[in-house]
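S.K.: pasting the structure only:
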């Protein structure tokens, strides 16, 4: 199965050991402490469990589920994240999604996440149409770091191991020293920690994401759409976009697109998505 994770088995085992230690000690790192199952780079489940904070610090492979909610007009509902988001501030992401619980399958995760993020209760999981492989999903790799200086924010991202870290959004006067130090971090992550402060810019959040993501198309009625409620702390607004508009956003990975959206493009999923939307039916 195709992925772009670190392939060194010894290094990955060392990462898992360190993540297990952080999890056992419940080290007070910034982030969530929900428990995730550890997966191998090829997508095989293990019997190791770590916190999501440890997983995102050390690049431990885990699983997630993401929804592309579709209206009868064939428009796709997407989220614009809040400006205070520590991973993709103001980024355009998919409709809903999140980490797979240790006792869940991908569709159960999606069912829970849609209720938590959109207040949308889908009782019949047969309405979830798999876009990616129902066994593994698509592989995703992303490094992200957000720095703030007063009201200003700078967002750096790297969507593949082989590319350079880039400044996506932020003030033009970010010091060169910060860019150089962050580039060194990106090349040596996770063994090198990102700088916490440089030239008045303070680290707000750093995220090392390696996961297998399950994508589902979820057709809903206009009436269901009108019942959707989001958390303003996490989502600034919902947008309804055409497939063409979504493809345009995803094609500019150093603009507004979040990692889950860029990953659709990276896995060549838009052609399949277009064909599936044409055949989609509403019961």
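M.R.: Great, that's in hand. Note that this is a predicted model, so its numbers are computed, not measured.

S.K.: so where's the longest strand in this protein?
M.R.: Determined from DSSP state E, the single longest strand within the chain is strand 201-219.

S.K.: so for that one, mean pLDDT?
M.R.: For strand 201-219, the mean per-residue pLDDT is 94.

S.K.: now do the buried residues in that strand.
M.R.: 201, 203-219 (16 or more other C-beta atoms under 10 Å). All C-beta spots, glycine's among them, are computed from the backbone N, C-alpha and C.

S.K.: also stretch 180-187?
M.R.: For stretch 180-187, the buried set under the neighbour-count rule, 16+ other C-beta under 10 Å, comprises 182, 185-186.

S.K.: chain center to that stretch: distance?
M.R.: What separates the centre of stretch 180-187 from the centre of its chain is 21 Å, taken as C-alpha atoms, centre = their mean, to the nearest Å.

S.K.: contacts for that stretch next, please.
M.R.: Outside of stretch 180-187, the residues within contact range by C-beta atoms under 8 Å, 6 or more residues apart in numbering are 143, 145, 156, 158, 164-165, 192-195, 198.

S.K.: remind me which residues of the stretch 1-150 of the chain are low pLDDT?
M.R.: By pLDDT under 70, the low-scoring segments of the stretch 1-150 of the chain are 1-7, 26-33.

S.K.: tell me what the helix ranked longest in the chain is packed against?
M.R.: Using DSSP state H, we find that the single longest helix of the chain is helix 9-25. Using 3 or more C-beta pairs under 8 Å, 6 or more residues apart in numbering; DSSP states H and E as the contact criterion, the neighbours of helix 9-25 among helices and strands are strand 35-39, strand 45-51, helix 52-58.

S.K.: run the angle between the shortest one and helix 9-25 for me.
M.R.: Right, the one you point to is strand 35-39. Taking axes from the mean of the first three to the mean of the last three C-alpha atoms, to 10 degrees, one finds that strand 35-39 is oriented at 170 degrees with respect to helix 9-25.

S.K.: got the contact list for strand 35-39?
M.R.: With contacts defined as C-beta under 8 Å, 6+ apart, strand 35-39 is touched by 16, 19, 23, 45-46, 48-52, 55, 60-63, 99-100, 102, 212.

S.K.: quick check on those residues: which are buried?
M.R.: Under a neighbour-count criterion of 16+ other C-beta under 10 Å, the subset of the contacts of strand 35-39 counted as buried comprises 16, 19, 23, 50-52, 55, 60-63, 99-100, 212.

S.K.: how many neighbouring residues does residue 274 have?
M.R.: Burial measure for residue 274: 13 neighbouring residues, criterion other C-beta atoms under 10 Å.

S.K.: tell me which helix or strand it sits in.
M.R.: Mapping residue 274 onto the secondary structure by DSSP states H and E places it in helix 269-279.

S.K.: which outside residues touch that helix?
M.R.: Counting by C-beta under 8 Å, 6+ apart, the neighbours of helix 269-279 from elsewhere in the structure are 68, 70, 74, 129, 131-132, 138, 215, 217, 243, 247, 250, 264.

S.K.: let's see it at 7 Å
M.R.: With C-beta atoms under 7 Å, 6 or more residues apart in numbering as the contact definition, helix 269-279 has outside contacts at 70, 74, 129, 131, 215, 217, 243, 247, 264.
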